[in-house]
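K.L.:
Sequence and predicted structure, then a few things I'm wondering about:
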Amino acid sequence: MFENVIADILRVDGVKGVAVVSKDGLLIEGQANDRTIDVENVAAMVATIYGTSLNVSKEVFHEEAIDMITLESPKGKIITVEAGESAVLAVLTDPKVNLGLVRIYLKRNAQKVASML
Amino acid sequence: MLPGKYVDVITGFKDPLELTGKVREGYLKVAWRSNSNIKIGYILTKRGAIIGSIVEDIIENTTMEGKPAFLEITEAVKHGLIKAVEIYEADVEGILKVNPMVRVGFGGDRPTSGSDLESFLSLLKTYKGGVKIQDGSKAWAVYVDKGLVKAARAIKGSTHHGDAALREIFHEMGHLLREGKYAVNESLNFSREDAVQNSRMFLEGLKLLKEKKEAEKDF
């Protein structure tokens, strides 16, 4: 159902995988262009990162919403945005990806996911 | 990626090609899985007519343009692989100027050969507006509305109107499919006497003709 969203983001240079994930950690749909990536596994971890970050946001900022979560490692990044009430949209990228471009694609496609769910 | 302004995303449709009327000038963007790849398809449309098409393979990083791309999208549609359609407003002529290979060869203002029956059927099924059909010394104007032919008249070679004009086109169909041409024409006018009573007849007849031609090919 989300092939349009996944394909749109996967085209961005440096993006290795895309996943639409329910907030409780189930992979709704995903695709990686690198066969070594286990999308289902990443989906579960993304939901954990999102849940923990939401708790931090509540504690520190007294705010129950998160715009974007970025995990940066020397070998890559995982960027996650909320996509409606029940899902998040996450991408796995190379370390030198154009972050601005990825953010634009993520925001735009998160709105599509929200309207399709 | 084509330039354009995102309008909407639609799910739960019967046939994605029926959504061409949702935008006056622009494209439908669809995506589907093909084995372990994901493909994106663009259907360029203007006033309901399908003008151009592109298919991109995201993983293999390859592109297909024009009619082969359109046929690949219709295959994906046939197999129910397309679940969502994004609609974009865009300058279709501008896109075609930059890359003329995108043109599907039917549905635009340029005349298309009558021998391309499949394209003619696609135009009749998706377009809403006037179409000029030419066959040697004869010519007809028909008004189609997504599969229905609502008006018809001869504009050259005879004076038939309505159902009689359609019957005349059918009568000439053999020759028309060999040497005739058709083209979208926005400037065609129709009057009350051009109204067609049996508006499904033309498309149904062409479908039967296509089946007959396919059956003949098998023998």
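P.N.:
All right, it came through fine.
K.L.:
CA only for contacts and neighbour counts going forward, please
P.N.:
Noted.
K.L.:
I'd like to know how far A:Thr48 sits from A:Lys23.
P.N.:
In this structure, A:Thr48 and A:Lys23 are 9 Å apart, going by C-alpha to C-alpha, to the nearest Å.
K.L.:
Kindly apply the preceding question to B:Lys125 instead.
P.N.:
Counting by C-alpha to C-alpha - B:Lys125 and A:Lys23 are separated by 42 Å.
K.L.:
can you check B:Ile169 too?
P.N.:
60 Å.
K.L.:
and the residue most central in space within chain A, what helix or strand is that in?
P.N.:
The centre of chain A sits closest to A:Ala90, judged by C-alpha atoms, centre = their mean, with a distance of 1.1 Å. A:Ala90 is part of strand A:87-93, with elements assigned from DSSP states H and E.
K.L.:
Which neighbouring elements make contact with that strand?
P.N.:
strand A:15-22, helix A:39-56, strand A:76-82, helix A:99-116 (3 or more C-alpha pairs under 8 Å, 6 or more residues apart in numbering or on different chains; DSSP states H and E).
K.L.:
Which residues does it contact?
P.N.:
Here strand A:87-93 makes contact (C-alpha atoms under 8 Å, 6 or more residues apart in numbering or on different chains) with A:14-23, A:43, A:46-47, A:76-83, A:106, A:110, A:114.
K.L.:
before we move on, what about stretch A:16-28?
P.N.:
By C-alpha under 8 Å, 6+ apart, the residues outside stretch A:16-28 that reach it are A:2, A:6, A:9-10, A:29-34, A:37, A:39-40, A:43-48, A:50-51, A:86-94.
K.L.:
switch the cut-off to 7 Å
P.N.:
Applying C-alpha atoms under 7 Å, 6 or more residues apart in numbering or on different chains, the contact partners of stretch A:16-28 are A:6, A:10, A:29-34, A:40, A:43-44, A:47, A:86-94.
K.L.:
about what we covered before: CSV for the helices and strands packed on strand A:87-93, including mean neighbour count?
P.N.:
Below are the helices and strands packed on strand A:87-93 laid out as CSV (neighbours: other C-alpha atoms under 10 Å in any protein chain shown):
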stretch, mean neighbour count
strand A:15-22, 25
helix A:39-56, 18
strand A:76-82, 22
helix A:99-116, 17
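K.L.:
possible to save the ones you listed as JSON lines with mean pLDDT?
P.N.:
Shown next, in JSON lines, are the helices and strands packed on strand A:87-93 (pLDDT from 0 to 100):
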{"stretch": "strand A:15-22", "mean pLDDT": "93"}
{"stretch": "helix A:39-56", "mean pLDDT": "90"}
{"stretch": "strand A:76-82", "mean pLDDT": "93"}
{"stretch": "helix A:99-116", "mean pLDDT": "90"}
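K.L.:
Quick check: residues of chain A near chain B?
P.N.:
Those residues of chain A that sit near chain B, judged by C-alpha under 7 Å from any C-alpha of the partner chain, are A:1, A:3-4, A:7, A:11, A:33, A:112.
K.L.:
Check those residues and tell me the two furthest apart.
P.N.:
By the measure C-alpha to C-alpha, A:Asn33 and A:Lys112 form the most distant pair in the residues of chain A next to chain B, at 21.7 Å.
K.L.:
Excluding residues flanking it in the chain, which one is nearest B:Asp194?
P.N.:
By the measure of C-alpha to C-alpha, 6 or more residues apart in numbering or on different chains, the closest residue to B:Asp194 outside its immediate chain neighbours is B:Gly162, 4.2 Å from it.
K.L.:
next one: phi and psi at A:Glu59?
P.N.:
With angles defined as degrees, to the nearest 10, A:Glu59 sits at phi -70, psi -50.
K.L.:
Okay, strands next: where are they in chain B?
P.N.:
Secondary structure of chain B (DSSP state E): strands located at B:5-11, B:25-34, B:37-46, B:49-57, B:62-65, B:84-89, B:112-113, B:128-135, B:138-145, B:148-156, B:181-184.
K.L.:
Could you tell me how far the residue nearest to the centre of chain A is located from A:Tyr105?
P.N.:
From A:Ala90 to A:Tyr105 the distance is 11 Å (C-alpha to C-alpha).
K.L.:
Mean pLDDT per element in chain B, and the minimum belongs to which helix or strand?
P.N.:
Least confident helix or strand, chain B: strand B:112-113 with a mean of 70, by mean pLDDT, DSSP states H and E.
K.L.:
list the helices and strands it packs on?
P.N.:
With contacts taken as 3 or more C-alpha pairs under 7 Å, 6 or more residues apart in numbering or on different chains; DSSP states H and E, strand B:112-113 sits against strand B:181-184.
K.L.:
and residue 92, how many neighbours does it have?
P.N.:
Looking at chain A here, since you left the chain open. Other residues near A:Leu92 come to 23 when the count uses other C-alpha atoms under 10 Å in any protein chain shown.
K.L.:
Hmm, no, I was thinking of chain B.
P.N.:
B:Val92 is flanked by 20 other residues according to other C-alpha under 10 Å.
K.L.:
so what pLDDT did it get?
P.N.:
We have a pLDDT of 89 for B:Val92.
K.L.:
For it, which non-adjacent residue is closest in space?
P.N.:
What sits nearest to B:Val92 in space, not counting adjacent residues and going by C-alpha to C-alpha, 6+ apart, is B:Gly26, at 5.8 Å.
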